[in-house]
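1. what follows is a predicted structure for the sequence shown.
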There are 6 protein chains.
Amino acid sequence: MPYVNIRITKENATSDQKALLIKGVTNLLQEVLGKNPQTTVVVIDEVETENWGIGGETVTERRKRGE
Amino acid sequence: MPYVNIRITKENATSDQKALLIKGVTNLLQEVLGKNPQTTVVVIDEVETENWGIGGETVTERRKRGE
Amino acid sequence: MPYVNIRITKENATSDQKALLIKGVTNLLQEVLGKNPQTTVVVIDEVETENWGIGGETVTERRKRGE
Amino acid sequence: MPYVNIRITKENATSDQKALLIKGVTNLLQEVLGKNPQTTVVVIDEVETENWGIGGETVTERRKRGE
Amino acid sequence: MPYVNIRITKENATSDQKALLIKGVTNLLQEVLGKNPQTTVVVIDEVETENWGIGGETVTERRKRGE
Amino acid sequence: MPYVNIRITKENATSDQKALLIKGVTNLLQEVLGKNPQTTVVVIDEVETENWGIGGETVTERRKRGE
């Protein structure tokens, strides 16, 4: 029954990588807390780099500097 | 003043259906808790099926099997 | 499979009222979008009035003025 | 370490305005609570007007009436 | 830089189990997407069972029936 | 109409500090995007340090080391 929301910048995640995240988080909740995987919901949000800030600036700015 | 976030897979919701969800949730909060509809905010997020997981797999996979 | 998050101020919602919200939102998603109620998740967050702001001030301040 | 999520309707925010929001919120958390700006995360979600409801109707409807 | 929000019912998660979830999710994001673990944020919300609904009823009701 | 969610660790924020955050964010959205402050909602979530992870460990662990 858990609900997990993974938020990452929209850069280069493939469908396969996203499927691995969903499978991995679902397994983790079963292993650690015994949660039934059938009702575990995982939602991935991919956010444009100009909408994501850290350290007071956008990720777009960081990427321009090679960070 | 309530804030409601409805998250669904991006499949086939029309503008009219989304308007009905917004109206319905706003009415429900007024009827059950007496909340002023004028300040009730409802935000609908439509999420790509490959970004939504349940049972450890993406909804994209489920749809391929006809589920 | 929808996920709904209802956020309200923590004031006076009873267990029965919260159960009605959960039932009502789940029914609404079935009626409007045909979503399976068995996998609809609704989570209610009750937030202290001093942690909820509208119009630039806390709800605690508003309640003191009788609003 | 704070996480801030700003949700607005997708209408006309420019990259510069979004950068100002990120900088402003990060500064505010440093000034008011002494939070380290280097680890403050700010995520802006821009939501289609037909997916945002207030007063029981969508912002799309409001905009049509010039509100 | 990812932000992960894990929402579970407030039932019996220990501090050690929560630390394992945080470590596990952080590792997963590094393995699958190469995300820097130093800036991955994981927030766990534990929600009262009467505030969590699935299948149109609260988890409190489900637990009474032994589910 | 914006909705802002500020999530911080539950450590020592006072009512006055939280009121300043609410006022500051509301003003910022008015200055940068011209948003009407009367309908801007700001919700602050204070999260227990053992439920907040960064760098793969809980803030509780970090605080023990004086970080």
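-> Arrived safely.
2. quick one: contacts for residue A:18?
-> A:44, B:50, B:51, B:58 (CB atoms under 8 Å, 6 or more residues apart in numbering or on different chains). From N, CA and C alone the C-beta is placed, and that goes for glycine too.
3. which element is it on?
-> Secondary structure assignment for residue A:18, by DSSP states H and E: helix A:15-33.
4. closest point of chain A to chain B, which residue?
-> residue A:22 (3.1 Å; CB to the nearest CB).
5. excluding its backbone neighbours, what's nearest residue A:52?
-> Leaving aside its chain neighbours, residue A:52 sits nearest to residue A:59 (4.6 Å; criterion: CB to CB, 6 or more residues apart in numbering or on different chains).
6. what about the one you found, how many neighbours?
-> Applying other CB atoms under 10 Å in any protein chain shown, we find 22 residues neighbouring residue A:59.
7. and it, what is it in contact with?
-> Taking CB under 8 Å, 6+ apart as the test, what residue A:59 contacts is A:9, A:49, A:50, A:52, A:53, E:1.
8. and the pLDDT for it?
-> We have a pLDDT of 97 for residue A:59.
9. could you do the one 3 residues further on as well?
-> According to the predicted model, the pLDDT of residue A:62 comes to 94.
10. hmm, it is touching residue A:53, no?
-> No: applying CB atoms under 8 Å, one finds residue A:62 not in contact with residue A:53, separated by 9.5 Å.
11. would you mind giving both backbone torsions of the residue nearest to residue A:52?
-> As for residue A:59, its main-chain torsions (degrees, to the nearest 10) stand at phi -60, psi -30.
12. neighbours of the closest residue to residue A:53 other than its chain neighbours, how many?
-> Of all residues not flanking residue A:53 in the chain, residue D:22 sits nearest, at 3.1 Å (CB to CB, 6+ apart). Using other CB under 10 Å, residue D:22 is surrounded by 28 other residues.
13. isn't residue D:22 up against residue A:55?
-> No: Residue D:22 lies out of contact with residue A:55 (CB under 8 Å); the separation is 9.3 Å.
14. quick one: contacts for the residue of chain A closest to chain B?
-> A:42, A:44, B:53, B:56, B:57, B:58.
15. quick one on the thing from earlier: would you mark the buried spots in the helix holding residue A:18?
-> Across helix A:15-33, burial judged by 16 or more other CB atoms under 10 Å in any protein chain shown covers A:18-26, A:28-30, A:32-33.
16. do stretch A:3-16 as well
-> In stretch A:3-16, counting by 16+ other CB under 10 Å, buried: A:3, A:4, A:5, A:6, A:7, A:8, A:9, A:13.
17. from residue F:62, how far off is the last one?
-> By that I understand residue A:13. As judged by CB to CB, to the nearest Å, residue A:13 and residue F:62 stand 28 Å apart.
18. repeat for the second one
-> Counting by CB to CB, the gap between residue A:4 and residue F:62 amounts to 23 Å.
19. close to chain D: what parts of chain A are there?
-> With the criterion set to CB under 8 Å from any CB of the partner chain, chain A comes near chain D through A:7, A:47, A:50-58, A:60-61.
20. okay, and which of those residues map to helices?
-> For the residues of chain A next to chain D, the ones inside helices are A:60, A:61, with DSSP state H as the criterion.
21. now tabulate the residues of chain A next to chain D in a markdown table and tack on distance to residue F:37.
-> Output for the residues of chain A next to chain D, formatted as a markdown table (distance: CB to CB, whole Å):
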| residue | distance to residue F:37 |
| --- | --- |
| A:7 | 27 |
| A:47 | 26 |
| A:50 | 25 |
| A:51 | 22 |
| A:52 | 25 |
| A:53 | 22 |
| A:54 | 27 |
| A:55 | 27 |
| A:56 | 23 |
| A:57 | 26 |
| A:58 | 25 |
| A:60 | 28 |
| A:61 | 28 |
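22. most neighbours among the residues of chain A next to chain D, which one?
-> Neighbour max across those (other CB under 10 Å) = residue A:53, 29 neighbours.
23. was I right to think that one contacts residue D:38?
-> No: judged on CB under 8 Å, residue A:53 makes no contact with residue D:38 at a distance of 11.6 Å.
24. from the buried residues of stretch A:3-16, list the ones also adjacent to chain C.
-> Answer for the buried residues of stretch A:3-16 near chain C (CB under 8 Å from any CB): residue A:3.
25. widest-spaced pair of the buried residues of stretch A:3-16?
-> A:3 and A:9 (21.5 Å; CB to CB).
26. which residues of chain A lie near chain C?
-> So chain A meets chain C at A:1, A:3, A:39, A:41, A:43 (CB under 8 Å from any CB).
27. now, which of these lie close to chain E?
-> Among these, the ones lying near chain E by CB under 8 Å from any CB are A:1, A:3, A:39.
28. out of those residues, the closest to chain E would be?
-> Set against chain E, the nearest of those by CB to the nearest CB is residue A:3 (4.5 Å).
29. enumerate every residue touching that closest one.
-> Per CB under 8 Å, 6+ apart, neighbours of residue A:3: A:40, A:41, A:43, C:3, C:41, C:43, E:6, E:7.
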